[in-house]
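K.L.:
Got a predicted structure plus its sequence, pasted below:
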Amino acid sequence: MTILFPPALTLLLAAALTAVAPSKVRPWLVVAAPLFIVAQLEWWLPLHTEVELHWLTLSLTPLHVDEINQPWGDVFAILGVLGGLYSLHVRDRGQQVAVLVYGASAMGVVFAGDVISLMVAWEIMAVGSAYLVFAGGMRDSRRAGMRYLFVHIVGGSVLLAGVLWHIASTGSIALEPFDGSAASWLMLVGVAVNAAIPPLHAWLPDAYPNASVTGMVFMSGFTTKSAVYVLARGFVGWEVLLFLGVAMALYGMIFAVMESDIRRLLAYHIVSQVGFMVAGLGVGGEHALEAVASHAFTHVLYKGLLVMGAGAVLYATGRSHMSELGGLARRMRWVLALYMVGALSISAFPLFAGFVSKPLVTHVVKGEIEFMAFALYVASVGTFLHTGLKLPYFTFFGSRPQDPDAPDAVPVLRRIPMGMYAAMGIAAGLCVLIGVVPSWLFHQLHFEVHPERYTAANVVHTLELLAFTGLGFWALKHLLKPSTRILVDTDWFYRVAGPLVRVLVQTPLEAPFTATARLTRAVASRVSDAFLRPTATWTPVLRLTAYARARTPEAAVAWLARPPLGVAIAAAFIVFALVVLLAR
């Protein structure tokens, strides 16, 4: 049985229902809608399914299912289910609707078969995700949300300009590998914003930590991975992506090592891990596409699990800075255990998901340029250092702050909802399943040949790398102790430039519109006065007429209250004539 119903439309309809549903029903709609999509993609929406729509002279394809995008849709739907379970306790109608709209836009990007459908979903994605930042409830959430929205509107505008240029020059709206034209480069810049490629990345560590606890779970998977998918569709094999990806992996890793806020650390690590995917796409070829898809699939799962763990800490303690945490291991033992499953997965520990997928990308890059693969190994070491060692140690095992000016050293813990535990447990189970049974992942990704991961050489090499990283951390942990310093990133430029742009650009552009609005208001005020207060408006005019000179000014003014009978009859005839003419 085939259900030709686009997954994006399913989520949009669920969003509409959520907007009017009772508070007890809404959380379950957020879970049920993506769960239906999981079933649809598994059983009711076979490969090579297409839905075409005709608009003006264009033939749009809002739904196109093939071997490449089906796994992306699968993992996005799974993340939607996990995020829905994680947020079962949320009663904010706005967040619930925004989450479904956000998920719908991500599905729209993945299953778009043409660039017009892609653009529509792309712009909706910016709006849905921005709401989750505004709803974060943090001190800087509103300003971070405005910056996030501004950056994505600019990035979307650049992408749209490239799309329109591409259509004008080629006449094609198909979403297919692009040819390296100027329009293609413009589109690449627009996609690079959402992919968080430095120096266009600073919106991510700026906005994600300011999003709501539950909202960041969805944001960790949808925006950047949607951009990676578009790169896989249109820009695979572009060598520049190899260099940009390696730079991303190192850049994000370095900032994550220095960061002390647990959610901001994980945000920087998203930049680093997306760098692995971008580098693999720069190599090109079928094996690179498979490696990137496998890494993206597992990354969505274990990064979602890590963000859930950090969110649980923030939810329970009200704090996210490691310098204000510590000593939580006994009080939050289940959160620690589930977080460590994600940390070991992302560090490519044997029997966990990352060991199956992450080395595939490194191997592909090594076959192209060996020293680039070495840089990715360094980034992998950094991953275990900050996500697998630094964050859990100082958050759960480190000593509590001793500074008398610091906040209460023993935070009061809020009870963590069962939905959070359920979501983390399922995500952890999937990470272990993929690590123990890699064939399940390769089957989901439609691999023709299943790579053999559990060889003695692979296991020994990985364990050696992780063991030496652990020894290095233990020896140098005093240097990694959390501090309260603020890391300066490229977002400094648009933070500082805000007032300057307002004075030099925004105000001059707004001036003509402001003047026109004032003139319109003045004219409207005069016209309304002429009809609503005729005596005050027309008295100065009537005193200057010949009627006033022949009689008296008072007689002319009195005409306003009692117009001559002939004038009234003439006005009635004129109105009647106009009505007849307009009726014809």
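P.N.:
Sure thing, it's come through.

K.L.:
Every contact and neighbour count from this point should use C-alpha atoms.
P.N.:
Noted.

K.L.:
Could you pull out the buried residues of the helix or strand containing residue 340?
P.N.:
Using DSSP states H and E, residue 340 sits within helix 333-346. For helix 333-346, burial by neighbour count (16 or more other C-alpha atoms under 10 Å) applies to 335, 336, 338, 339, 340, 341, 342, 343, 344, 345, 346.

K.L.:
Quick one, grab the pLDDT at residue 307.
P.N.:
Note on residue 307: pLDDT of 97.

K.L.:
For the helix or strand following the helix holding residue 340, what is the distance to the chain centroid?
P.N.:
Sequence order places helix 353-368 as the next helix or strand after helix 333-346, per DSSP H and E. Helix 353-368 sits 26 Å away from the centroid of its parent chain (C-alpha atoms, centre = their mean, to the nearest Å).

K.L.:
who's in contact with helix 353-368?
P.N.:
276-277, 279-280, 283, 287-288, 291-292, 294-295, 298-299, 302, 344-349, 372-374, 376-377, 431-435, 438, 453 (C-alpha atoms under 8 Å, 6 or more residues apart in numbering).

K.L.:
May I see the buried residues of that helix?
P.N.:
Buried, per 16+ other C-alpha under 10 Å, within helix 353-368: 353-366.

K.L.:
just to revisit the earlier point, tell me which of the buried residues of helix 333-346 is nearest to residue 117?
P.N.:
Top of the list for closeness to residue 117, among these and by C-alpha to C-alpha, is residue 346 at 33.2 Å.

K.L.:
The helix or strand hosting residue 376 - what's its average pLDDT?
P.N.:
Assigned by DSSP H and E, residue 376 falls within helix 370-383. On average, the pLDDT along helix 370-383 is 92.

K.L.:
Give me the residue at the spatial middle of this protein.
P.N.:
Geometric centre of the chain, nearest residue: residue 223, 3.7 Å, by C-alpha atoms, centre = their mean.

K.L.:
end-to-end on stretch 214-231?
P.N.:
27 Å (C-alpha to C-alpha, to the nearest Å).

K.L.:
Which residues does it contact?
P.N.:
69, 72, 76, 79-80, 83, 86-87, 95, 99, 103, 106, 109-110, 125, 129, 132-133, 136, 188, 191-192, 194-196, 208-209, 267, 270, 274, 277-278, 281, 296, 300, 303-304, 307-308, 311.

K.L.:
Now render the buried residues of helix 333-346 as TSV, adding pLDDT and distance to residue 229.
P.N.:
What follows is the buried residues of helix 333-346, written out as TSV (pLDDT from 0 to 100; distance: C-alpha to C-alpha, whole Å):
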residue	pLDDT	distance to residue 229
335	96	31
336	96	32
338	97	28
339	97	27
340	96	28
341	97	26
342	96	23
343	96	24
344	95	25
345	95	22
346	93	20
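
K.L.:
nearest to residue 38, of the residues you listed?
P.N.:
residue 342 (22.2 Å).

K.L.:
thinking again about what came up before, helix or strand next in line after the helix holding residue 376, which one?
P.N.:
helix 391-392.

K.L.:
Would you mind pulling up the elements that that next one packs against?
P.N.:
Where contact means 3 or more C-alpha pairs under 8 Å, 6 or more residues apart in numbering; DSSP states H and E, helix 391-392 is not packed against any helix or strand.

K.L.:
Convert the C-alpha atoms of the helix holding residue 340 to PDB, please.
P.N.:
Only the C-alpha atoms of helix 333-346 are listed here, as PDB (Å, rounded to 0.1, in the frame of the first residue of the first chain):
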ATOM      1  CA  ARG A 333      23.100   8.800  38.000                       C
ATOM      2  CA  TRP A 334      20.600   7.900  35.200                       C
ATOM      3  CA  VAL A 335      21.200  11.100  33.300                       C
ATOM      4  CA  LEU A 336      25.000  10.500  33.700                       C
ATOM      5  CA  ALA A 337      24.700   6.900  32.400                       C
ATOM      6  CA  LEU A 338      22.600   7.800  29.400                       C
ATOM      7  CA  TYR A 339      24.700  10.800  28.600                       C
ATOM      8  CA  MET A 340      27.800   8.600  28.600                       C
ATOM      9  CA  VAL A 341      26.300   6.300  26.000                       C
ATOM     10  CA  GLY A 342      26.000   9.300  23.700                       C
ATOM     11  CA  ALA A 343      29.600  10.500  24.700                       C
ATOM     12  CA  LEU A 344      31.100   7.000  23.900                       C
ATOM     13  CA  SER A 345      29.100   6.900  20.700                       C
ATOM     14  CA  ILE A 346      30.300  10.200  19.400                       C
END
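
K.L.:
tell me the angle that helix makes with helix 370-383.
P.N.:
170 degrees (axes from the mean of the first three to the mean of the last three C-alpha atoms, to 10 degrees).

K.L.:
That's all I had, so thanks and see you.
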